[in-house]
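Undergrad: Need coordinates for the following:
(2 chains)
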Amino acid sequence: MSEGTLGIGIDVGSTTTKGVLIDTSGKILASHLQNTGASALKAVEQLLEQLSTESGVDPSDCPIIGTGYGRSIVELAYKTVTEITCHSIGVHSINSEIRLLIDVGGQDSKVIRIGRNGRPETFSLQDKCSAGTGRFLEVMARVLEVSMDELGPLAMESKSPCSISNTCTVFAESEVVGRIGSGDRPADIAAGVHLSMAAKIASLSRQVGVAAPVGITGGVALNPAFRHYLSKQLGQELWVPENPQLTGALGAALIALRGQNE
Amino acid sequence: MSEEKPYRRLESQDLLQQIAFRHGLEAMAASEEGRLAWVTSGFPVEIPVAMDVFPTYPEQAGAIVGASKIGPEVCGFAEDLGYSQELCSYARASIGSTDRPDDTAMGARPTPQALLACNNICGTVLKWYDAISEMTNAPVFLLDTPPLEREQLPHHRAYVRRGVDRLVEFLADTFNTKLENEKATKVADLSSQAIRLWTKVLKACANKPSPLNCADRFLTMAPVVSSRGMEHCVEFYEALLAEVEERVKGGVGAIRDEQTRLLWDNIPPWFTLRFFNQLAARGVGFPADTYTHAWSGAVEGSDIASILDGVVDVYSNVYLNKGLEAKVDKMCELIKDYDLDGFVMFSVRSCKRYSLGQLVSKEMVTERTGVPGVVIEGDMVDSRLFNEAQVQTRVDALLEMFV
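TA: Numbers count the residues shown, from 1 in each chain, chains lettered A, B, ... in the order given. A predicted model of the protein is given here:
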């Protein structure tokens, strides 16, 4: 297959590494998601193997763009592009109406205002502190003895969420332990945790300026309680793509295909 | 020949090194002679210079500590004494190096006989100089310049003028000297000449390509900060201006392939000036910044009274002593005059006075100029607060907006 007819995007995130292989029309031929683990390099190798097995295409024949915090580790990539641009382009290709994109990943969160051309106009990143990221929910799920998949549905059972501080994961964890000690219902505590995190992300969004329609991506977009509370905080419906964890890799693949950013 | 670098070295840098060396020797001699004062960067240095008191700048020493990549270590000396990591890293570097001068190569200043602080740059300077006073027994003089939101009102001017008069008395008493007309007018004249030359150098950067990049200006600003009112300062800027004009005439840029022109806001991260050089390799230059433009007010005057009035005006109106609106105006003006594509705001953990309000001013500047900007976080001396990967992502994302 000749170069330029396919494109691969690899998004090396702090928690998961994602890859997308697309054809010339932008159709996804193969995609894969796996834990990044201790070696981002190994994760990328495994990911490329998986894409190759799924599609029958040799990745070394395709232009590859690396993105995400570990973007520089993608050795086969001819170029790296930030996740901010990649998410923007990826989301725009699926829903060109989206003006504000909220991406909540494992260890950072970002809010991007997308221009009509699909490129970021302005953005704000939160990567100094784990509050407001997937890590916050992971810590709270562990304390509440539920899996990450169960945490959101548990919170949705609540009618009166507890109040939880949104300033710091460590302090919030102590608060949750305190709530457990005072006999609060796990569902109410879980709801409080989501409410607190939604308030943090809503504040980051207001920093950039809320412009409708609003989309949400990243692993945390899969959590129904987080979407529910964030939607209430922003007073906006939230659009979620079918695979919210793959939009960064999709954007990277599109850039590879189109030779954008040249 | 070695590999061609993406940026060009200034020949004036050799002269700069000589001046820095000479300044260091003179400071040592002045200390031994009992006429050395430590001064803050926004202090009306023309007055001590005219009264034969030699100035030296702990903030510059902090920059040297940062550039020597010993910031965390020297700041750590102050932290060992109980000072918080939240304290300004210039103050920590200064207190740390005063406590352990033998462990601070180049960073320690000779023992002062007086400490001259002006709070037009921040309020930390007073407590910082108090701490140094406890360590060295040198007395502190504070020149109080209340912040200006708009125009300077007459009562405000009169208040600062009383402070300036008291400064003259303080120096006369402490150093057994006096302010004389001839010396005062000469020093004011030399100071104005240096400022005018420096301003011309800065303005030349509006040319495309810009003859100087950020790192060039951060280095060559040293004399205008430390040696205003001295003859060698004027000589240096004459040489620098000649080199800059030569570059402009020949269409020679500070970086070899200037594609993108950005504004820099705030003090630089002294420990990684290579940040600018790495961007230079990608065709990104910084023809203007708010920091080096802060030394732009010339003290004019034909006699002592008018010079002291000039001092009141110039030193009350420094960039950091004004409100957010003035800062936004300045940034917009620089973006327009230097035809810049975007801006990078460095949020410096140490410098609250400079960094507070940046998120708001970023929005205002973009709204008024239409160019995008980004805020990056870190510190000027304490490299522990600078996460290169996080900074890189933000700057890369900004650059991707220009494609």
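Undergrad: what's the closest non-adjacent residue to residue 237?
TA: Because you didn't say which chain, this covers chain A. residue A:231 (6.4 Å; CB to CB, 6 or more residues apart in numbering or on different chains). Every residue, glycine included, has its C-beta placed from N, CA and C.
Undergrad: not quite, I wanted chain B
TA: residue B:197 (3.5 Å).
Undergrad: Let me know the outermost residue of chain A.
TA: residue A:182 (34.2 Å; CA atoms, centre = their mean).
Undergrad: Now do the domain split for chain A, please.
TA: According to automatic domain parsing, chain A comprises the domains A:7-90+A:245-258, A:97-240.
Undergrad: and those domains, which is most packed in?
TA: domain A:7-90+A:245-258 (a mean of 22; mean count of other CB atoms under 10 Å in any protein chain shown).
Undergrad: where do the strands sit along chain B?
TA: With strands called from DSSP state E, chain B shows them at B:36-39, B:54-56, B:114-118, B:140-143, B:260-265, B:284-289, B:342-348, B:373-378.
Undergrad: Dump those strands into a markdown table; add mean pLDDT as well.
TA: Formatted as a markdown table, the strands of chain B follow (pLDDT from 0 to 100):
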| stretch | mean pLDDT |
| --- | --- |
| strand B:36-39 | 98 |
| strand B:54-56 | 96 |
| strand B:114-118 | 98 |
| strand B:140-143 | 98 |
| strand B:260-265 | 98 |
| strand B:284-289 | 98 |
| strand B:342-348 | 97 |
| strand B:373-378 | 95 |
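Undergrad: quick one: which of those strands is nearest chain A?
TA: strand B:373-378 (7.2 Å; CB to the nearest CB).
Undergrad: tally of neighbours for the closest residue to chain A within chain B?
TA: In chain B, the residue found nearest to chain A is residue B:397; the distance is 4.0 Å by CB to the nearest CB. Number of residues near residue B:397 (other CB atoms under 10 Å in any protein chain shown) recorded here: 24.
Undergrad: ok, it - contacts?
TA: A:82, A:84, A:85, A:120, A:123, B:374 (CB atoms under 8 Å, 6 or more residues apart in numbering or on different chains).
Undergrad: Which of those fall within helices?
TA: By the criterion of DSSP state H, membership of the contacts of residue B:397 in helices covers A:84, A:85.
Undergrad: can you tell me which two in the contacts of residue B:397 are farthest apart?
TA: Within these, A:85 and B:374 form the most distant pair, 12.9 Å apart (CB to CB).
Undergrad: where does chain A dip in pLDDT?
TA: A:1-4, A:166, A:260-262 (pLDDT under 70).
Undergrad: residues in it within reach of chain B, list them.
TA: Residues of chain A found near chain B (CB under 8 Å from any CB of the partner chain) are A:69, A:81-85, A:119-123, A:125, A:127-128, A:207, A:209, A:260-262.
Undergrad: Which pLDDT value belongs to residue B:45?
TA: pLDDT recorded at residue B:45 is 95.
Undergrad: Surely it touches residue B:229?
TA: Yes. Contact criterion CB atoms under 8 Å: residue B:45 and residue B:229 qualify, at 6.4 Å.
Undergrad: Give the residues shared as contacts by those two.
TA: Counting by CB under 8 Å, 6+ apart, the residues touching both residue B:45 and residue B:229 are residue B:191.
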